[in-house]
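K.L.:
Here is my input, please return the structure:
(one chain, ligands or ions: 3)
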Amino acid sequence: MKIIVQKYGGTSVGTTERIKAVAQRIKGYIDNGYSVVVIVSAMGKSTDELVRLAGEITAQPSKREMDMLLSTGEQISIALLAMALHEAGLTAVSYTGSQIRMVTDGNFTNAKIHSISSEKIHDALRSNNVVIVAGFQGVDRDDNITTLGRGGSDTSAVAIAAALGVRDCEIYTDVDGVYTADPRIVARTRKLREISYEEMLELARLGAGVLHSRSVEFAKKYDVRLHVRSSFSSEEGTIVTSREEMMEKFVISGVTAKSDEAKVTIRDIVDRPGVASKLFGCLGENKIYVNMIVQSTGHDGKASISFTVKKDDLARAKELCGGLKGDLGGTSVESKEDIAIVSAVGVGMLSSYGVAGRMFEVLSRENVNIEMISTSEIGISCVIDSKYAELAVKIIHKAFLEENQ
Ligand code: ADP
Ligand code: ASP
Ligand code: MG
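P.N.:
Residues are numbered from 1 along each chain as shown. Ligands and ions are numbered 1, 2, ... in the order given. Below you'll find the predicted structure:
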């Protein structure tokens, strides 16, 4: 049995016409001898609409009930796609996450997948069904419905491909591949024919919304080759694969920005061993994810520490820092919400020099102040004022990916 796993995002199933078009595309694969497993997102922007409804009731919805609510979006699209496939003369069956035992932890709104039972999918495929699975949702060990975080259908798809032992997973979306920057921001962006798992993971983690970052982690771990492509055309998209299989390597493959984090600074804490461990240990125990950390060089036995957290966690992080301030000898806890993290990513950085300097120079030429810097083997990120986010992406893209080409 030649199995292919396909995922269709919100825009791709945004209307009943689009759902019929998806059914025709799937039929094409069936006619070519494939067995197809399809993962779908909620129609269009319907998940946003559900979030908005919850907001009309309460500013702090229970996370369990939020998952109960948001999971309904995908349940609509799987049933409609099954009907469209029936109309196209195919046998098809739809399942929710819980029906295929997509078991997750109990971390509502951002659950992690523990296991998937592939038996039901295999049985349905053997009976010649197109198997349709609701993306984004799972079930915890107590049978509560969970969701995997916004954009999580990509992760459902890759996890299902991995559970079935399928090598190829197509991600159908509203762009025809992964570009060197978000085409909505940069006009002269270029489509990448291929990109390594490492670069794609870094880009997704740093804001490139085209793939959910955990889907790339899964793909790398289980050797699933991703093909990101458009559901509006038959053009080849971008292959996300291992570095060894790549033909071309660039110094920078992509530029991205994200603005969902905030910066916290604790000033004048005592400069001695154990201080950072106390602070970040406490944040970790409270399940607060810290991204960038910068400590200033101490003088007079004092130092400052700045770090970034998700905006949703800012209030709690400040409260915890306030509680610890006395213990750490700090004088004040400050925060800034209007920040953006702008990043350049590329495996070519491993063998090039001067990339960071050039990126800082480009920003300084436009008078963009860099508030924090962090680097990885294949990425450089700068915290800047959020009002410069788009400008920064444009000018860094121009410097590295438009000039000299
Ligand atoms: P879907 O609903 O299909 O999952 P998303 O909206 O989650 O679609 O992701 C597709 C969008 O990702 C594109 O419309 C594009 O604006 C955005 N995007 C951000 N960065 C990139 C990039 N580097 N390459 C391509 N698309 C990107
Ligand atoms: N429908 C969910 C969302 O909008 C999941 C997804 O589309 O991947 O975030
Ligand atoms: Mg998406």
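K.L.:
Show the contacting residues for the residue of the stretch 201-350 of the chain found nearest ligand 2.
P.N.:
Going by C-beta to the nearest ligand atom, ligand 2 is nearest to His212 of the stretch 201-350 of the chain, at 6.6 Å. For the C-beta atoms, the positions are set from N, CA and C on the backbone; glycine is no exception. Contacts of His212 were listed using C-beta atoms under 8 Å, 6 or more residues apart in numbering, and they are Leu148, Gly149, Gly151, Gly152, Ser153, Asp154, Thr155, Ala204.
K.L.:
quick one, phi psi at it?
P.N.:
Per-residue torsions, His212: phi -70, psi 130 (degrees, to the nearest 10).
K.L.:
which secondary structure elements does the helix or strand containing Asp123 contact?
P.N.:
If you go by DSSP states H and E, Asp123 is part of helix 119-126. Using 3 or more C-beta pairs under 8 Å, 6 or more residues apart in numbering; DSSP states H and E as the contact criterion, the elements in contact with helix 119-126 are strand 34-40, strand 92-95, strand 130-134, helix 153-164.
K.L.:
one more time with 7 Å, if that's ok
P.N.:
Applying 3 or more C-beta pairs under 7 Å, 6 or more residues apart in numbering; DSSP states H and E, one finds that helix 119-126 makes contact with strand 130-134.
K.L.:
And the strand it packs on, what does it pack against?
P.N.:
Checking 3+ C-beta pairs under 7 Å, 6+ apart, strand 130-134 ends up next to strand 34-40, helix 63-87, strand 92-95, helix 119-126.
K.L.:
Alpha carbons of stretch 359-374, as CSV, please.
P.N.:
Output in CSV follows, covering the C-alpha atoms of stretch 359-374 (Å, rounded to 0.1, in the frame of the first residue of the first chain):
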residue,chain,number,x,y,z
MET,A,359,23.1,42.4,10.4
PHE,A,360,23.8,44.9,13.2
GLU,A,361,25.2,47.4,10.7
VAL,A,362,22.0,47.2,8.6
LEU,A,363,19.9,47.8,11.6
SER,A,364,22.1,50.7,12.8
ARG,A,365,21.9,52.4,9.4
GLU,A,366,18.1,52.8,10.0
ASN,A,367,18.7,53.8,13.6
VAL,A,368,17.1,50.7,15.0
ASN,A,369,18.4,50.1,18.5
ILE,A,370,19.3,46.5,19.4
GLU,A,371,18.1,45.8,23.0
MET,A,372,19.2,42.1,23.2
ILE,A,373,21.1,39.7,21.0
SER,A,374,21.2,35.9,21.0
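K.L.:
So what does the residue sitting furthest away from the middle of the chain have for phi and psi?
P.N.:
Seen from the C-alpha centroid of the chain, the residue lying at the greatest distance (C-alpha atoms, centre = their mean) is Asp300, 42.4 Å away. Per-residue torsions, Asp300: phi 50, psi 30 (degrees, to the nearest 10).
K.L.:
mind listing what it touches?
P.N.:
Asp300 sits next to no residue when contact means C-beta atoms under 7 Å, 6 or more residues apart in numbering.
K.L.:
Quick check: the gap between it and Ser332.
P.N.:
16 Å (C-beta to C-beta, to the nearest Å).
K.L.:
And the strands in the stretch 201-350 of the chain, which stretches?
P.N.:
225-230, 238-241, 254-258, 261-270, 290-295, 302-310, 332-336, 339-345 (DSSP state E, counting those that start in this stretch).
K.L.:
Same list (those strands) but as CSV, adding mean pLDDT, distance to ligand 2 and mean neighbour count.
P.N.:
Converted to CSV, the strands of the stretch 201-350 of the chain look like this (pLDDT from 0 to 100; distance: least, C-beta to the nearest ligand atom, whole Å; neighbours: other C-beta atoms under 10 Å):
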stretch, mean pLDDT, distance to ligand 2, mean neighbour count
strand 225-230, 98, 13, 22
strand 238-241, 96, 17, 23
strand 254-258, 98, 16, 27
strand 261-270, 93, 19, 21
strand 290-295, 93, 21, 16
strand 302-310, 93, 16, 20
strand 332-336, 94, 27, 15
strand 339-345, 98, 21, 26
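K.L.:
got TSV for the ones you listed, with distance to Gly73 too?
P.N.:
Formatted as TSV, the strands of the stretch 201-350 of the chain follow (distance: least, C-beta to C-beta, whole Å):
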stretch	distance to Gly73
strand 225-230	22
strand 238-241	26
strand 254-258	24
strand 261-270	26
strand 290-295	29
strand 302-310	23
strand 332-336	33
strand 339-345	29
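K.L.:
Out of those strands, flag the one nearest Ser71.
P.N.:
Checking the strands of the stretch 201-350 of the chain against Ser71 by C-beta to C-beta gives strand 302-310 as the closest, at 21.9 Å.
K.L.:
tell me the angle that closest one makes with strand 290-295.
P.N.:
170 degrees (axes from the mean of the first three to the mean of the last three C-alpha atoms, to 10 degrees).
K.L.:
Tally up the residues packed near the residue in the stretch 151-300 of the chain positioned nearest to ligand 3, please.
P.N.:
Per C-beta to the ion, Gly151 is where the stretch 151-300 of the chain lies closest to ligand 3, at 4.2 Å. A count of neighbours around Gly151, defined by other C-beta atoms under 10 Å, yields 21.
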